[in-house]
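K.L.:
My questions concern the predicted model and sequence given below.
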Amino acid sequence: MKKILLLATLAFLATTSQAGPGEDRQKAFKQVLRSFEPMGVMLRGSGYRKDVFIKHADALKAVAAAPFSQFKPGTIDDVSRAKPAIWSEPAKWKAEQDKFLLAVDQLQKTARGGDLAAIRRDYGAVAASCKACHDSFRGPMR
């Protein structure tokens with residue numbers, strides 16, 4: 001049994017260590033989405049619950065910055081959808097990151113207040129920030 005567990009652990013480590021930068025970025029952004037999308041589902045009608053919404057807003061805040069550290073120069077691979085503009089226009093790239101992180105901060109603060117109209121507005125600002133960055137810096141599927 002111990003040998004099977006050891007082999008399974010080694011196999012898992014081998015597959016995770018082979019992930020490239022594009023895959024690593026995708027995983028980091030999926031963590032963001034796992035916090036963000038449930039809030040949207042609530043706001044679109046599945047039943048807003050302030051305590052649950054705050055939990056997701058806090059989780060989003062905790063992971064929001066993580067994906068951006070994955071964009072090292074020269075890390076475009078077969079999985080990556082990153083456009084070269086990320087590295088050729090670093091000031092614009094940084095401005096989009098900052099705008100996103102500020103929108104996430106604002107959403108987290110607004111979530112605590114419970115004003116549903118303000119929460120919807122700030123959720124929309126985060127979504128708009130995501131879209132703006134995708135439009136400028138995310139290419140098509142390969």
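P.N.:
That came in fine, so what should we check first? Numbers count the residues shown, from 1 in each chain.
K.L.:
in stretch 117-137, what counts as buried?
P.N.:
Ile119, Asp122, Tyr123, Ala125, Val126, Ser129, Cys130, Cys133, Phe137 (16 or more other Cβ atoms under 10 Å). No exception for glycine: its C-beta is placed from N, CA and C like everyone else's.
K.L.:
Give me the phi and psi for Ala64.
P.N.:
Ala64 adopts backbone torsions of phi -60, psi -40, taken as degrees, to the nearest 10.
K.L.:
List the contacts of it.
P.N.:
The neighbourhood of Ala64, defined by Cβ atoms under 8 Å, 6 or more residues apart in numbering, consists of Val32, Phe100, Leu101, Val104.
K.L.:
same question, Phe36
P.N.:
So Phe36 contacts His56, Leu60, Val126, Ala127 (Cβ under 8 Å, 6+ apart).
K.L.:
Mind naming the longest helix for this protein?
P.N.:
Longest helix of the chain, by residue count under DSSP state H: helix 90-113.
K.L.:
Tell me the helix or strand right after that helix.
P.N.:
Next along the chain after helix 90-113, taking DSSP states H and E as the criterion, comes helix 116-137.
K.L.:
Can I get that next one as PDB, trimmed to CA atoms?
P.N.:
Output in PDB follows, covering the C-alpha atoms of helix 116-137 (Å, rounded to 0.1, in the frame of the first residue of the first chain):
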ATOM      1  CA  LEU A 116     -27.200  45.100  -3.900                       C
ATOM      2  CA  ALA A 117     -27.100  47.900  -6.500                       C
ATOM      3  CA  ALA A 118     -23.600  49.000  -5.500                       C
ATOM      4  CA  ILE A 119     -22.500  45.300  -5.400                       C
ATOM      5  CA  ARG A 120     -23.800  44.800  -8.900                       C
ATOM      6  CA  ARG A 121     -22.000  47.900 -10.100                       C
ATOM      7  CA  ASP A 122     -18.700  46.900  -8.600                       C
ATOM      8  CA  TYR A 123     -19.000  43.300  -9.800                       C
ATOM      9  CA  GLY A 124     -19.600  44.700 -13.200                       C
ATOM     10  CA  ALA A 125     -16.400  46.800 -12.900                       C
ATOM     11  CA  VAL A 126     -14.400  43.700 -12.100                       C
ATOM     12  CA  ALA A 127     -15.900  41.900 -15.100                       C
ATOM     13  CA  ALA A 128     -15.200  45.000 -17.400                       C
ATOM     14  CA  SER A 129     -11.600  45.000 -16.200                       C
ATOM     15  CA  CYS A 130     -11.200  41.300 -17.100                       C
ATOM     16  CA  LYS A 131     -12.700  41.900 -20.500                       C
ATOM     17  CA  ALA A 132     -10.500  45.000 -21.200                       C
ATOM     18  CA  CYS A 133      -7.400  43.000 -20.300                       C
ATOM     19  CA  HIS A 134      -8.500  40.000 -22.400                       C
ATOM     20  CA  ASP A 135      -9.200  42.300 -25.400                       C
ATOM     21  CA  SER A 136      -5.700  43.800 -25.200                       C
ATOM     22  CA  PHE A 137      -3.500  40.900 -24.000                       C
END
